[in-house]
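S.K.: I would like the atomic coordinates for the input below:
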Amino acid sequence: MNNIEQYLEENKQPILDELFGLIRIPSISSISLHKPDMYRAAEYWKEILLKAGADRADIYETAGNPVTYGEKIIDPAKPTVLVYGHMDVMPVEPLELWKTAPFDPQIRDGKIYARGADDDKGQSFMHAKAFEYMVANDCLPCNVKFMIEGEEEIGSPNLGKWCQQNKEMLKADVILVSDTSLLAADIPSITTGLRGLAYWQVEVTGPNRDLHSGLYGGGVANPINVLAKMIAQMTDDEGRITVPGFYDDVMDVSPEERELLGRAPFNLENYKQALDLGDVAGEAGYTTGERTGIRPSFDVCGIWGGYTGEGAKTVIPSKAFAKISSRLVPNQNHEKIAVLFKEHFEAIAPKTVKVEVTSLHGGQAYVCPIDIPAYQAAEKAYTDTFGKRPVPIRSGGSIPIISTFEQVLGIKTVLMGFGLESDAIHSPNENYPLEQFFKGIATIPKFYQHFVELSK
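M.R.: Now for the predicted structure:
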């Protein structure tokens with residue numbers, strides 16, 4: 001294999017220019033006004049893949065946002081890698097916390113700052129450039145397919161059906177994804193597990209209109225007060241979720257595996273300092289790493305109602321709302337959990353209000369075996385680039401479509417992420433270190449080389 005480090009150095013600026021063009025498209029899937037931007041991003045990805053050397057690249061419609069698919073088949077008898085990524089990004093609010101405009105990528109202190117710099121435009125773009133390098137240098141050892149979707153940040157509601165409809169086209173030996181993080185810049189790691197997700201919106205209705213808090217205060221239930229009390233009942237003093245039946249299917253991790261996971265470097269004091277916390281919180285009896293990796297969680301992601309403008313307005317609101325999520329672990333079915341929460345939350349509502357729970361989206365947890373050739377190839381690739389063997393870790397995050405891939409396509413996924421916890425994905429000032437970006441491009445071709453060798 002030719003010297004990829006030299007190739008990257010010689011082509012550094014054109015690579016960044018092309019990535020920045022992708023980042024500048026405000027492809028926010030959760031906001032309908034950005035629907036045209038989803039198609040702009042899909043077209044941009046089509047051009048990226050064709051320029052990189054794909055035999056073909058096309059844009060496919062779904063019931064929601066489009067999918068860009070591309071492929072290069074060098075020999076049907078050789079293994080096939082299916083690369084998955086997403087072109088959509090999270091909303092950017094609160095805008096006032098961004099140091100520079102979120103869709104105007106800037107390089108500061110060796111990092112790319114922009115929405116999507118890491119998640120997932122920067123990380124998925126690495127695969128296109130690694131592919132381009134292998135094609136240009138005639139060292140692509142197997143077939144490659146690309147599937148870049150536009151709805152990951154809203155739970156991929158239409159991709160499963162699209163995969164079912166295109167199973168033949170998507171046939172592959174492994175799915176390769178970069179949408180996760182390393183333990184640290186100098187500590188490579190491979191995510192072997194993802195938590196599942198259930199996500200709801202709650203609406204609490206009290207009086208049929210907003211009321212004067214002086215004339216009605218103390219005589220009419222305030223929906224915000226009621227919602228706050230109901231949410232407070234969802235966890236107990238031990239940090240356990242109180243929904244009946246919630247833990248029935250939770251897969252307990254053996255003491256042996258907990259010991260292995262505990263070997264991952266982690267400094268609690270540094271963790272608290274980085275987040276400016278007085279202390280951590282969570283389910284009793286588990287470490288912070290276990291709470292975020294192998295145990296379920298319950299969080300309010302947003303809550304609103306009443307008057308929130310400048311100054312004061314004495315009002316009892318007619319309605320209050322919340323967006324709530326629960327991260328799930330292997331064996332927990334997100335559809336079952338969605339029903340359990342809805343039934344319980346609506347059941348505990350006092351007669352003073354009406355409560356409606358709507359399930360927005362969800363997905364199953366995923367675990368990747370560490371004894372399959374694809375995982376071992378990733379392990380060798382990281383070792384080649386970083387000079388040390390990667391640590392297997394369970395991520396607290398969710399990529400709901402990954403478990404769907406296994407159910408629909410029957411293919412395992414290997415998660416080769418290069419992001420860092422400090423990249424602030426989903427937050428203002430999202431960033432991606434240039435070193436991680438280019439190191440990712442340099443590592444991916446090594447995965448292909450090892451995967452083909454181990455698949456013989």
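
S.K.: which residues of the stretch 351-456 of the chain fall in helices?
M.R.: 373-386, 401-409, 434-454 (DSSP state H, counting those that start in this stretch).

S.K.: got the domain boundaries for the protein?
M.R.: 4-194+365-454, 198-250+296-362 (automatic domain parsing).

S.K.: which of those sits most buried?
M.R.: domain 4-194+365-454 (a mean of 20; mean count of other CB atoms under 10 Å). Every C-beta, even on glycine, is put in place using the N, C-alpha and C of the backbone.

S.K.: and that domain, how far apart are its ends?
M.R.: 22 Å (CA to CA, to the nearest Å).

S.K.: how distant is it from the center of its chain?
M.R.: Centre-to-centre, domain 4-194+365-454 and its host chain are 11 Å apart (CA atoms, centre = their mean, to the nearest Å).

S.K.: who's in contact with Lys132?
M.R.: That one is not Lys; residue 132 is Glu. Residues in contact with Glu132 (CB atoms under 8 Å, 6 or more residues apart in numbering) are Lys51, Ala52, Gly53.

S.K.: how about the contacts made by the residue nearest the centre of the chain?
M.R.: The centre of the chain sits closest to Ile399, judged by CA atoms, centre = their mean, with a distance of 4.9 Å. The neighbourhood of Ile399, defined by CB under 8 Å, 6+ apart, consists of Glu152, Val177, Asp179, Thr180, Leu194, Gly363, Tyr366, Leu415.

S.K.: surely Val41 and Ser27 touch.
M.R.: No, residue 41 isn't Val; it's Ala. Yes - Ala41 lies in contact with Ser27 (CB atoms under 8 Å); the separation is 4.1 Å.

S.K.: overlap in contacts of those two?
M.R.: Met87, Asp88, Gly150.

S.K.: can I get those in JSON lines with secondary structure, distance to Arg291 and pLDDT?
M.R.: Output for those, formatted as JSON lines (DSSP: H, G, I helix; E, B strand; the rest coil; distance: CB to CB, whole Å; pLDDT from 0 to 100):
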{"residue": "Met87", "secondary structure": "coil", "distance to Arg291": "32", "pLDDT": "98"}
{"residue": "Asp88", "secondary structure": "coil", "distance to Arg291": "29", "pLDDT": "98"}
{"residue": "Gly150", "secondary structure": "coil", "distance to Arg291": "32", "pLDDT": "98"}
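
S.K.: residue ranges for the strands of the stretch 201-350 of the chain, please.
M.R.: Listed in chain order, the strands of the stretch 201-350 of the chain (DSSP state E, counting those that start in this stretch) span 211-212, 297-305, 315-316, 319-328.

S.K.: and the ones you listed as TSV, adding mean pLDDT?
M.R.: Shown next, in TSV, are the strands of the stretch 201-350 of the chain (pLDDT from 0 to 100):
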stretch	mean pLDDT
strand 211-212	98
strand 297-305	97
strand 315-316	98
strand 319-328	97
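
S.K.: export those to CSV and tack on distance to Gly278?
M.R.: Below are those laid out as CSV (distance: least, CB to CB, whole Å):
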stretch, distance to Gly278
strand 211-212, 38
strand 297-305, 19
strand 315-316, 34
strand 319-328, 23
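
S.K.: thanks again, I'm all set now.
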